[in-house]
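In: The sequence and its predicted three-dimensional model are supplied below.
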Amino acid sequence: VSITDGEDCVQLNQYKLQNEIGKGSYGVVKLAYNEDAEEYYAMKVVSKKRLMKQCGFIRRRPSQGSQLDPYPQALLPLDKVYKEIAILKKLNHHNVVKLVEVLDDPSEDGLHMAFELMKKGAVMEVPTDTPLTEERSRFYFRDVVLGLEYLHYHKIIHRDIKPTNLLLGDDGHVKIADFGVSREFKGTDALLSGTAGTPAFMAPETMTELEQYFSGKALDLWAMGVTLYCFVFGKCPFYDENIIALHKKIKKDPLVFPETPTISNSLKDLIEKLLDKNPETRITLPEVKVHPWVTE
Ligand SMILES: COc1ccc(C(=O)/C=C\Nc2cc(OC)c(C(=O)O)cc2Cl)cc1
């Protein structure tokens, strides 16, 4: 990997890194021009050092001798990102982002993942005062249903479905992105514990005091419900900037639809079934596929 700081942009092998187009806890995404392919890509840059710190592997140790504290048996954080790459490499679906290449130079801190560029970026930002029409929401929702059906079929729970992780290509279709917290499972469903993803999109069953296990697929369905609500209303159904208050609202508050914009009864019915606080009775993906609002 040769990194040269040219006129004012960084060259990484055959990629010319340009301006930042995305940012998150994972790192940044930069526009990258591939000189050989004469194509633009989205280059996700993950800092390995930051990953190590995020998992508390690098502690400030008092200088008491040089003995290295043995790493706890937990997964090394880099394994997490290598697992994410392994998952992405085997995925190939019209509604899932395509990982093209990984540039990982052991001597470099940045791990670079080149994705096909989704020219229009995220389908929408939340909150927004210009939400999507019901028609447009249905069009994008169908893409998310197909993408998620593919992921669940390949035994992957995404765990961070939300509008900013739904990227729009120039064919007007949506692809699911960001597998940073996704989980592979064996058998028919994942049995998960703990919370991962974005708080306002987390399902109520994950917010239990006692350590509990819950279905992975049902988490993605709940997040799809929050996402669909955001599509048409431009804001989340449950929100509070205080995380404790947010958890309480998600667990206790009834679902409320704003007066405007008015939405059809069939859409209300679907959102209510997705945002069912009981994961046992929550609508499943096969049922979503045949729901009147989706097939209308
Ligand atoms: C306005 O123009 C724009 C065009 C494209 C973008 C954009 O692509 C942003 C993020 N991209 C991604 C993020 C990912 O994770 C966090 C992953 C992943 O890890 O799966 C993949 C991609 Cl592509 C933004 C603005």
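Out: It's in.
In: C-alpha from now on. contacts and neighbour counts both.
Out: Fine.
In: Indicate whether the longest helix seen in the chain makes contact with the ligand.
Out: If you go by DSSP state H, the chain has its longest helix at helix 134-153. No. Judged by CA under 6 Å from any ligand atom, helix 134-153 stays clear of the ligand, getting no closer than 12.9 Å.
In: Can the very next helix or strand once past that helix be said to contact the ligand?
Out: Remark: after helix 134-153, the chain's next helix or strand is strand 156-157, criterion DSSP states H and E. No. Strand 156-157 lies out of reach of the ligand by CA under 6 Å from any ligand atom, never closer than 13.4 Å.
In: who does the longest helix of the chain touch, helix- and strand-wise?
Out: Under the contact definition 3 or more CA pairs under 8 Å, 6 or more residues apart in numbering; DSSP states H and E, helix 134-153 sits against strand 174-176, helix 216-233, helix 285-289, helix 292-295.
In: And those: which comes nearest residue 89?
Out: Evaluated over the helices and strands packed on helix 134-153, closeness to residue 89 peaks at strand 174-176, with 14.3 Å, by CA to CA.
In: So what touches that closest one?
Out: The contact list for strand 174-176, computed with CA atoms under 8 Å, 6 or more residues apart in numbering, reads 94-97, 123, 140, 143-144, 147, 161, 165-169.
In: related to what we said a few turns ago, just the angle between the longest helix of the chain and helix 216-233, please?
Out: Relative orientation of helix 134-153 and helix 216-233, computed by axes from the mean of the first three to the mean of the last three CA atoms, to 10 degrees: 170 degrees.
In: How much space separates residue 157 from the ligand?
Out: 13 Å (CA to the nearest ligand atom, to the nearest Å).
In: Contacts only, for that residue.
Out: 151, 182, 183, 184, 185, 190, 216, 217, 220.
In: If we ignore the residues flanking it in sequence, what's nearest the third one?
Out: Spelled out, that is residue 183. Nearest residue to residue 183, sequence neighbours excluded (CA to CA, 6 or more residues apart in numbering): residue 157, at 5.2 Å.
In: Need the contacts of residue 157 in a markdown table (columns: neighbour count).
Out: Shown next, in a markdown table, are these (neighbours: other CA atoms under 10 Å):
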| residue | neighbour count |
| --- | --- |
| 151 | 23 |
| 182 | 21 |
| 183 | 17 |
| 184 | 17 |
| 185 | 16 |
| 190 | 20 |
| 216 | 24 |
| 217 | 25 |
| 220 | 25 |
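In: So which residues of this structure form strands?
Out: Under the criterion DSSP state E, the chain contains strands at 3-5, 10-12, 15-24, 27-34, 39-47, 99-104, 110-116, 156-157, 166-168, 174-176, 183-184, 191-192, 214-215.
In: doesn't residue 49 make contact with residue 26?
Out: No. Residue 26 lies out of contact with residue 49 (CA atoms under 8 Å); the separation is 11.7 Å.
In: Determine the number of other residues adjacent to the residue in the stretch 1-150 of the chain positioned nearest to the ligand.
Out: The ligand sits closest to residue 121 of the stretch 1-150 of the chain, with a gap of 3.6 Å, by CA to the nearest ligand atom. By other CA atoms under 10 Å, the residues close to residue 121 number 18.
In: if I pick it, what's in contact with it?
Out: Counting by CA under 8 Å, 6+ apart, residue 121 has contacts 167, 168, 169.
In: give me that answer again for 10 Å
Out: By CA atoms under 10 Å, 6 or more residues apart in numbering, residue 121 lies in contact with 21, 22, 164, 165, 166, 167, 168, 169, 170, 174.
In: Which of these scores worst on pLDDT?
Out: Ranked by pLDDT, these bottom out at residue 170 (90).
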